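Asker: Give me a 3D structure for the following:
(one chain, ligands or ions: 1)
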Amino acid sequence: MDYSMRYFRRFLYFSTFLVFIFTSILTLYYGKETFHFETGTVPTQAQGTVPNTHHNNYQHHFVLIPEELDNDYWRLVEQGARDAAKFHNVYLEYLGPKQANTAEHLKTIDMAIAGRVDGIITQGIGEEQFNHLVTKAKEKSIPIVTIDTDAPESERAVYVGTDNYYSGFIAGKAIINDTTGRQHVAIVTGRHDAPHQKLRVQGFMDAIATEKRISVLTVEESNITEIGASEAAHKILKQYPSVTAFYGTSALDGIGIAKVVSNLKAEDNIYIIGFDILSETLEYIENGLIEATVVQFPYQMGYESVERLIQLNEGKELQPLQHTDTKIVHKEDLPLDPATMSGGQQP
Ligand code: BGC
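Answerer: Just a heads-up that it's a prediction; the model follows:
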């Protein structure tokens, strides 16, 4: 190797090292700036924080990190967590990606750890890097509660949320009970690589496995957006004209599918089963466009996860799997009781 090449390589190694040091310092600095405050004080407005000025003597400081900040489903989780936080005098921050984004999600966890908060509630992510972060938090005595999606391979203390395999299984049983004759099903799933979405698909597949008249044509991704679900439904209807049923596995999928099916005036021939009971889904069930939905209890998840973190901070040993309820809702189950409608909030 000639001299200039060796010199260039050294320069390259050195600059990469410098960039690494610089970004680590930034993560630490912003993590501390964003999250750190002494218990009992009101934090100053730092980047991305929403100081809760109603309480001055907080017992704990927790962070809730959703898959997507402004998603209606996650807003219900947030509401539950905020009510529990208010009741127990906890300072709670709700921070994370504006739109589903794993890298940003992981970065938010890392910053919360750097800020030495008293506990983190986060959707579980099926990646090695997530497991490393959970271990890092544990080493710093910051307990992690996974919510909505578990990460059983990580060292998270507790999971609060739906049994996702079971919820997919009951969706499969519902289509068996609700239909007759040959069914060609297309699945629209939030994200192919999200563990809970995979479980919802797997549970469904297992439920219909022995039912010869029902088969699955394809599984497409919506990226958890309504527009993504509509695009997927469009593509499926074009590519598979024999499709007779859709199964949407995240909160906005059923809505996106229903819009396309209704535009084509194909609702009489197509069966749709979705997930969750956001207000638009409810309307579609009322007018018969969506036949059924798998209900979850996001408000309850938020509320309970805060209480579990408090108990972990008190050194209590907890049962790691804390499943919230899940059930199928059809038109004949309407009107729903207010607790189901609001994701588990007691009236
Ligand atoms: C899932 C969440 C997801 C949301 C997307 C829900 O069904 O449980 O993980 O973020 O749908 O809209």
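Asker: Quick check: residues of this protein near the ligand?
Answerer: Residues of the chain lying close to the ligand (Cβ under 6 Å from any ligand atom) are 67-68, 71, 73, 148-149, 190, 196, 224, 250-252, 275-276. Using the backbone N, CA and C atoms, a C-beta is placed for each residue, glycine as well.
Asker: Tell me which stretches of this structure form helices.
Answerer: 3-35, 72-88, 102-114, 128-139, 164-178, 195-208, 226-239, 253-263, 279-286, 298-313, 338-341 (DSSP state H).
Asker: how about these in TSV, adding mean pLDDT?
Answerer: Below are the helices of the chain laid out as TSV (pLDDT from 0 to 100):
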stretch	mean pLDDT
helix 3-35	65
helix 72-88	98
helix 102-114	98
helix 128-139	98
helix 164-178	98
helix 195-208	98
helix 226-239	98
helix 253-263	97
helix 279-286	97
helix 298-313	98
helix 338-341	94
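Asker: okay, those helices in CSV with distance to residue 122 next?
Answerer: Putting these into CSV (distance: least, Cβ to Cβ, whole Å) gives the following:
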stretch, distance to residue 122
helix 3-35, 14
helix 72-88, 11
helix 102-114, 6
helix 128-139, 9
helix 164-178, 16
helix 195-208, 13
helix 226-239, 23
helix 253-263, 22
helix 279-286, 25
helix 298-313, 9
helix 338-341, 25
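Asker: Could you export those helices as TSV, including distance to residue 323 and mean neighbour count?
Answerer: Formatted as TSV, these follow (distance: least, Cβ to Cβ, whole Å; neighbours: other Cβ atoms under 10 Å):
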stretch	distance to residue 323	mean neighbour count
helix 3-35	30	12
helix 72-88	15	21
helix 102-114	23	20
helix 128-139	20	17
helix 164-178	8	20
helix 195-208	12	22
helix 226-239	26	19
helix 253-263	22	24
helix 279-286	22	18
helix 298-313	10	24
helix 338-341	16	14
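Asker: what's the closest non-adjacent residue to residue 97?
Answerer: Counting by Cβ to Cβ, 6 or more residues apart in numbering, residue 104 is the residue found nearest to residue 97 once chain neighbours are left out, at 4.1 Å.
Asker: Over to residue 173?
Answerer: That would be residue 207: by Cβ to Cβ, 6+ apart, it lies 5.2 Å from residue 173.
Asker: residue contacts, that neighbour?
Answerer: 168-173, 176 (Cβ atoms under 8 Å, 6 or more residues apart in numbering).
Asker: From residue 187, how far out is residue 254?
Answerer: As judged by Cβ to Cβ, to the nearest Å, residue 254 and residue 187 stand 12 Å apart.
Asker: Identify the contacts common to the two.
Answerer: 246, 248.
Asker: that older thread, the residue nearest to residue 97 contacts residue 111, correct?
Answerer: No. Between residue 104 and residue 111 there is no contact under Cβ atoms under 8 Å: 10.4 Å.
Asker: pretty sure residue 246 is touching residue 269, no?
Answerer: No. Residue 246 is not in contact with residue 269 according to Cβ under 8 Å; the separation is 11.5 Å.
Asker: Look at these two and report which has more neighbours.
Answerer: More neighbours surround residue 246 than the other of residue 246 and residue 269, with 28 against 11 (other Cβ atoms under 10 Å).
Asker: correct me, but residue 275 touches residue 256?
Answerer: No. Counting by Cβ under 8 Å, residue 275 stays clear of residue 256, with 11.7 Å between them.
Asker: between the two, what contacts are shared?
Answerer: residue 248.
Asker: Got the domain ranges for the protein?
Answerer: 10-162+298-324, 164-295 (automatic domain parsing).
Asker: Spatially nearest residue to residue 320 (excluding sequence neighbours)?
Answerer: residue 158 (5.4 Å).
Asker: got the contact list for the residue in the stretch 1-150 of the chain positioned nearest to the ligand?
Answerer: Here the stretch 1-150 of the chain gets closest to the ligand at one residue, residue 67, 3.9 Å apart by Cβ to the nearest ligand atom. Residue 67 sits next to 74, 96-97, 100, 105, 123, 148-149, 194, 224 when contact means Cβ under 8 Å, 6+ apart.
Asker: could these go into JSON lines alongside distance to residue 324?
Answerer: Formatted as JSON lines, the contacts of residue 67 follow (distance: Cβ to Cβ, whole Å):
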{"residue": "74", "distance to residue 324": "15"}
{"residue": "96", "distance to residue 324": "20"}
{"residue": "97", "distance to residue 324": "23"}
{"residue": "100", "distance to residue 324": "21"}
{"residue": "105", "distance to residue 324": "21"}
{"residue": "123", "distance to residue 324": "14"}
{"residue": "148", "distance to residue 324": "9"}
{"residue": "149", "distance to residue 324": "13"}
{"residue": "194", "distance to residue 324": "18"}
{"residue": "224", "distance to residue 324": "20"}
